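Asker: what would the 3D arrangement of this be:
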Amino acid sequence: MVDPFPRPTVARESRRDVFVSYLDYFRSRVIERVGALADDEVRRSRLPTGWTPLELVKHLTFVERRWLEWGFRGEPVEDPWGDQRDGRWFVEASETRDEVLGALAAQGVRSDAIIDAFDLDALGQPGPRWEGEDPPTLERILFHLLQEYGRHVGHLDIVAELAGGPRGE
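Answerer: Predicted coordinates:
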């Protein structure tokens, strides 16, 4: 079941709770949409760019990992760009829908724990993620993640509709 949309009129305890509620909503929306697609649709592209719903899910998993674990926390990540091959999103043929969706859900748990452990004005750790630039604050990273999720969830809504999957917000 998809988390309820975090309406702006619903009070939250903190700005952190606002970010987490939106990230959790977007994550659950992606998992619900891709989970509801027919088996032959999760690896099929309906767009000229060629990405598939499973590739989008894996991309979002790695986006969170790159920004929060590798970037903000400065943790070593074995393959921070493991969602890409030859300049495009990629999912191994052996990776199942359940594995890819489960990886996004597990990443969400790790991401939420990082967000809960730091103030929004905390600076990220210096490291390769920033390519020599000063690390941003957690708040700026979360704002970036929300816009990335919002954009991709909109893309996925269109693809799901084209594929005969669930419709509506």
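
Asker: what's the local residue count around Ala113?
Answerer: Each residue near Ala113 was counted by other C-beta atoms under 10 Å, and the total is 10. All C-beta atoms are positioned from the backbone trio N, CA, C, and that covers glycine.

Asker: center of the chain, which residue is that?
Answerer: Leu60 (3.2 Å; C-alpha atoms, centre = their mean).

Asker: contacting residues around Arg97?
Answerer: For Arg97, the residues meeting the contact criterion (C-beta atoms under 8 Å, 6 or more residues apart in numbering) are 34-35, 39, 42, 54.

Asker: now do the strands in the protein.
Answerer: Listed in chain order, the strands of the chain (DSSP state E) span 84-85, 88-89.

Asker: look up how far Gln107 lies from Leu56.
Answerer: If you measure Leu56 against Gln107 using C-beta to C-beta, to the nearest Å, the figure is 14 Å.

Asker: residue contacts, Tyr149?
Answerer: Under the criterion of C-beta under 8 Å, 6+ apart, the contact list for Tyr149 reads 22-23, 26-27, 30, 60.

Asker: same deal with Val91?
Answerer: Under the criterion of C-beta under 8 Å, 6+ apart, the contact partners of Val91 comprise 43, 52, 54-55, 58, 100.
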